[in-house]
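>>> I need the structure of the sequence given here:
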Amino acid sequence: MFLTSCLSVFAEPRQQGSGVVTLGGQILDSACALDANSAYQVIDMTPVPVGRLVREGESDPHPFSLCLIQCSLTRPDPDRPGQYLPDSEHVRVTFEGLTDREGRSFAALGSSQGVALHITDVNGQESIPGVPMDLMPLAGEDMVLNYVLQLVGNDQPIAVGTHRAAVRFRLEYY
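Numbers count the residues shown, from 1 in each chain. Modelled structure (predicted):
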């Protein structure tokens, strides 16, 4: 029971650090549906001067959300007609992609250098690529999972240029 999607970031130097985040995916088996507005969203990243990245080590936060809708916590057991599996009580998100910063962030590829992509939830929990985040209780039919996306320095010299990153996410229900 999981959902796989793709999160991509693209930015061009002429736009001084602006970028686009695109989400898309396919539901394989899920206790909740992913709202189409959540699945196909665009985040315009504000320009980040090189000096700020050098001084502060990160860009402004760019919020994004995964909106779970029409959650059905009760599930029929496909092997036993008329019987039900235990209700889904939690959801867990795992973001996956190429890593940077010793596995703590997602790699930014392209002609720019010195930056990586970092994701945290609204409580400050960092998403480590490939490592499941904490379980969150499912609450009712609809639920919004809020995250923050930032460019961060990766301890390499910063070079202006284009960059991109691809990040997949998986939702698991328990």
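>>> and stretch 84-104, how far apart are its ends?
Distances were taken as CA to CA, to the nearest Å; on that basis the terminal residues of stretch 84-104 are 39 Å apart.
>>> how far away is Arg104 from Asp155?
Remark: distance between Arg104 and Asp155 (CB to CB, to the nearest Å) = 11 Å. (C-beta placed from N, C-alpha, C; glycine too.)
>>> higher neighbour count, the two?
More neighbours sit around Arg104 than around the other of Arg104 and Asp155, counting by other CB atoms under 10 Å; the figures are 16 against 11.
>>> Can you classify the closest residue to that one other than its chain neighbours as helix, strand or coil?
Sequence neighbours aside, Ile128 is the residue nearest to Arg104 in space, at 6.2 Å (criterion: CB to CB, 6 or more residues apart in numbering). Ile128 falls in the coil class when you classify it by DSSP: H, G, I helix; E, B strand; the rest coil.
>>> Which pLDDT value goes with Ile128?
With respect to pLDDT, Ile128 scores 97.
>>> what do you get for Pro63?
According to the per-residue confidence, Pro63 scores 90 in pLDDT.
>>> Now do the same contact list for it.
The neighbours of Pro63, taking CB atoms under 8 Å, 6 or more residues apart in numbering as the test, are Ile43, Asn146, Tyr147, Val148, Leu149.
>>> nearest to Gln113, of these?
Set against Gln113, the nearest of the contacts of Pro63 by CB to CB is Leu149 (19.4 Å).
>>> Just give the nearest non-adjacent residue to that closest one, would you?
Among residues not flanking Leu149 along the chain, His62 sits closest, at 4.6 Å (CB to CB, 6+ apart).
>>> is it true that the residue nearest to Arg104 touches Gly103?
Yes - judged on CB atoms under 8 Å, Ile128 makes contact with Gly103 at a distance of 6.7 Å.
>>> Neighbour count for those two, which is higher?
Set side by side, Ile128 and Gly103 show unequal neighbour counts under other CB under 10 Å, the larger going to Ile128 at 16 against 11.
>>> What distance do you get for that one to Val152?
13 Å.
>>> again, but for Pro47
As it turns out, when the distance is counted by CB to CB, Pro47 lies 16 Å from Val152.
>>> The two: which has the busier surroundings?
The neighbour count for Pro47 versus Val152, taken as other CB under 10 Å, is higher for Val152 (21 against 14).
>>> In terms of pLDDT, where does the closest residue to Asn37 other than its chain neighbours sit?
Nearest residue to Asn37, sequence neighbours excluded (CB to CB, 6+ apart): Cys67, at 6.9 Å. Note for Cys67: predicted pLDDT of 92.
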